[in-house]
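>>> Provide a 3D model corresponding to the input given below.
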Amino acid sequence: MVSRIYSSCVIGIDAYEVTAEVDIGSGLPGFNIVGLPDVAIKESRDRIKAAIRNSGFSFPAKKIIVNLAPADIKKEGASFDLPIALAILSTEDVIDSSLLQEYVFLGELSLDGKIKPVNGVLPIAMALKDMGKKYLILPKENSKEAAVVRAIGAYPVDNLKEVVDFLNKKLSIKPEELDIEVAFKRNSRYKIDFSDVKGQEHVKRGLEVAAAGSHNVLLIGPPGSGKSMLAKRLTTILSEMTLEEGLETSQIHSVAGILPANKFLVGTRPFRSPHHTISDAALLGGGTNPVPGEISLAHNGVLFMDELPEFRRNVLEVLRLPMEDGSVTVSRIANTVTYPAKFMLVGAMNPCPCGHFTDPKRECHCSPIKIQNYLSRISGPLLDRIDIHIEVPRLKYEHLTDKRRGDAASHRRRSGGGSIKPARPKRVVIKKTALYLTLILSRRSWSDTAPLIKRRKSY
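Model (predicted):
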C-alpha cells in the first residue's frame, strides 16, 4: 500500500510542492529515503522512528521506502519529518488517508514527538493557493508567520499525537488568526532615532537628500566623528515600509532563518552591516543550495559597509551589477536562483590609513603614497554608483555637550520626502572641501596634489 502526503520545499524564495510517498512491503526491515534528500533528511530516519514510538504508536518492522517527489529537485532541511511520519502511520491505517489531500504538512520532529519550528514558512504559505491547497499544519512557533496569508488556514500543533488526533477528528484545533494591519503597524517602530545625533547638521541634511531619492552615500571622516551612528539611523528617515515591501522582505528573512519568533512580519527597513572580512559568496549569496546573501537581506533597506577600503577588491566589485539591477542571480551546479537586492548602499571610510588627514587636532603621519594606495582600493566604477559624498568632520566639545535634541526621525522623514522629489538626478557632492575628496572624485594625479599636501602639513 502506498500513502501520499503533501509538503513543500523552498528554492530561492519560491516554494514548490513536494509529495512524500511511502510504501511498506514485505522483506527485511529497512528504512530508505530517495528523491535527492540532503544529509538532514537522511538522518531523519532515526528521529522519525523514535518520535512515532514515543508518541504511543508502533513503528512497522517492515521494508519502508520513502520517495520525495519530484525526484529531480534537491530537498533539504528537517521540515519533511512530520509528513514522512504521518505517511508511515497512514499506511498502517492509524490515519484515514482520505483526510490528508487538502493539507500541507511542515515540521521537524524531536525524539519525544514534539514538533519544532522550521525556516521558509512564509513563502510556502504564499504559494499554497498555487498548489491547490487550503490548509497548512505546522509548528505552533511558525503559525503566526503563516497566518499573514489570509487565504489559507494555518493550524498550529505541538506534537505528533496532537496531529493524529486532529486528523482523526478526536481533537479540535482552531486556525491561527491575525490582524495583519495591526501586526505590521506594531512592528514598524524603530528603537533608535535620528535625534540621538548631536551636531553634524550638514551631514544630516545630506542623508535626508539621499533618503528622499534613494541615493547611495559615502561618508568620509576621522574616527569618532559619528559616521556609523548616522548610518544606523538612516533607516529611520526613509519612507515607511508598505505592506507589500514588508511581505517581500519577510520572505527573504524567513528563508534565511533570521525572522524573529516574536516578529513574524518585518515592518522596519532592514539594516545590514557586514564585517570587512566577508567573502563575495556571503555578500551575494551562495552555497551548494544558494541561500540569500547580505545584499538580499538588506532588500528594501540599507547595506552599511564600514571601513569601505578594507573590504577585499573582489568583494567590492561584485556590488556593481546588483546596484544597477536591483537583483542578484546566483548560479551553482545544482540550480540557479535569483534574489531581490534593491538596497541603499552607505559606505564609511577614513581619509587616510591613520584616519587623521582632515582632523584639525591630530596630525596625520601618512605619506602621500600611502594615502594614494589607500584611496585607490575603491575603484572608479564603484564610486560612480555612489551619488553623494559627504565629509563628516570631528565634532567640537560644545556640540557634544549641547542638551538640545535634534529633529526626530518622523519630522525629518516628512520634511525630506515632502520637499524633494524621489528622482535620481546627476551626481551630488556635498561640502567638497577636503583635498582627499577632490582626489576621489576627480582622480587627479598625485604629481599635482602632492605639493598642496606638503604645503598643508609637514612630514
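
>>> following the longest strand seen in the chain, which helix or strand comes up?
As assigned by DSSP state E, the longest strand anywhere in the chain is strand 14-25. If you walk from strand 14-25 toward the C-terminus, the next helix or strand you reach (DSSP states H and E) is strand 30-34.

>>> put the alpha carbons of the helix or strand following that following strand into PDB.
Reading on from strand 30-34 to the C-terminus, the next helix or strand found by DSSP H and E is helix 39-42. Coordinates of the C-alpha atoms in helix 39-42 are reproduced here as PDB (Å, rounded to 0.1, in the frame of the first residue of the first chain):
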ATOM      1  CA  VAL A  39      22.000  14.800   5.000                       C
ATOM      2  CA  ALA A  40      19.400  16.300   7.300                       C
ATOM      3  CA  ILE A  41      16.600  14.300   5.600                       C
ATOM      4  CA  LYS A  42      18.600  11.100   5.600                       C
END
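
>>> report the distance from the helix or strand just after helix 39-42 to the chain centre.
The C-terminal neighbour of helix 39-42 among helices and strands, as given by DSSP H and E, is helix 44-54. Its chain's average C-alpha position is 33 Å from that of helix 44-54, according to CA atoms, centre = their mean, to the nearest Å.

>>> check the residue nearest the centre of the chain and give its pLDDT.
The C-alpha lying nearest the average C-alpha coordinate of the chain belongs to residue 297 (CA atoms, centre = their mean; 2.5 Å). Among the per-residue scores, residue 297 shows a pLDDT of 97.

>>> for it, give its distance to residue 190.
Counting by CB to CB, to the nearest Å, the gap between residue 297 and residue 190 amounts to 18 Å. Where C-beta positions appear, they are placed from N, C-alpha and C, glycine not excepted.

>>> quick check: buried residues in stretch 9-23?
Residues of stretch 9-23 classed as buried: 9-22 (neighbour count, 16 or more other CB atoms under 10 Å).

>>> and the helix or strand hosting residue 281, what does it pack onto?
Under DSSP H and E, the secondary-structure element containing residue 281 is helix 280-284. Counting contacts by 3 or more CB pairs under 8 Å, 6 or more residues apart in numbering; DSSP states H and E, helix 280-284 packs against helix 294-297, helix 313-317.

>>> residues touching residue 123, list them.
Applying CB atoms under 8 Å, 6 or more residues apart in numbering, we find residue 123 in contact with 10, 13-15, 251, 254-255.

>>> and if you look at residue 47?
If a contact means CB under 8 Å, 6+ apart, then residue 47 has 78, 81, 108-111 as its contacts.

>>> who wins for neighbours among these?
For the contacts of residue 47, neighbours were counted by other CB atoms under 10 Å; the highest total belongs to residue 81, with 28 neighbours.

>>> report pLDDT for it.
Checking the pLDDT column for residue 81, the value is 97.

>>> isn't it right up against residue 109?
Yes - proximity of residue 81 to residue 109 meets the contact threshold set by CB atoms under 8 Å, at 4.0 Å.

>>> mutual contacts of those two, please.
Between them, residue 81 and residue 109 share the contacting residues 44, 47-48, 51, judged by CB under 8 Å, 6+ apart.

>>> give me the neighbour count for the residue lying closest to residue 290 once chain neighbours are set aside.
Excluding the flanking residues, the one nearest residue 290 by CB to CB, 6 or more residues apart in numbering is residue 330, at 4.2 Å. Summarising burial for residue 330: neighbours were counted as other CB under 10 Å, giving 20.

>>> who does residue 330 form a beta bridge with?
Per DSSP bridges, the residues bridged to residue 330 are residue 337.

>>> now the angle from the longest strand of the chain to strand 30-34?
150 degrees (axes from the mean of the first three to the mean of the last three CA atoms, to 10 degrees).

>>> can you tell me how far the residue lying closest to residue 129 once chain neighbours are set aside is from residue 174?
Closest residue to residue 129 apart from its sequence neighbours, by CB to CB, 6+ apart: residue 151 at 5.8 Å. According to CB to CB, residue 151 stands 17 Å off from residue 174.

>>> got it, and residue 115?
Noted for residue 115: a distance of 17 Å to residue 174, by CB to CB.

>>> please say which of those two ends up with more neighbours.
Taking other CB under 10 Å, residue 115 and residue 174 do not tie; residue 115 has more neighbours (28 against 8).

>>> from residue 257, how far off is the more buried one?
Applying CB to CB, the value for residue 115 to residue 257 is 17 Å.

>>> likewise residue 122?
Separation of residue 122 from residue 257 (CB to CB): 12 Å.

>>> more crowded one of those two?
Neighbour comparison, residue 122 and residue 257: the larger count goes to residue 122, with 26 against 13 (by other CB under 10 Å).

>>> quick one: mean pLDDT for the one helix or strand the more buried one maps to?
Using DSSP H and E, the element containing residue 122 is helix 121-127. Confidence for helix 121-127, expressed as mean pLDDT, is 95.

>>> quote the end-to-end distance of stretch 167-182.
Between the opening and closing residues of stretch 167-182 there is a gap of 32 Å (CA to CA, to the nearest Å).

>>> I misspoke; the intended subject was stretch 197-205.
Counting by CA to CA, the terminal residues of stretch 197-205 are separated by 13 Å.

>>> what comes up buried for that stretch?
By neighbour count with 16+ other CB under 10 Å, stretch 197-205 contains the buried residues 197-200, 203-204.
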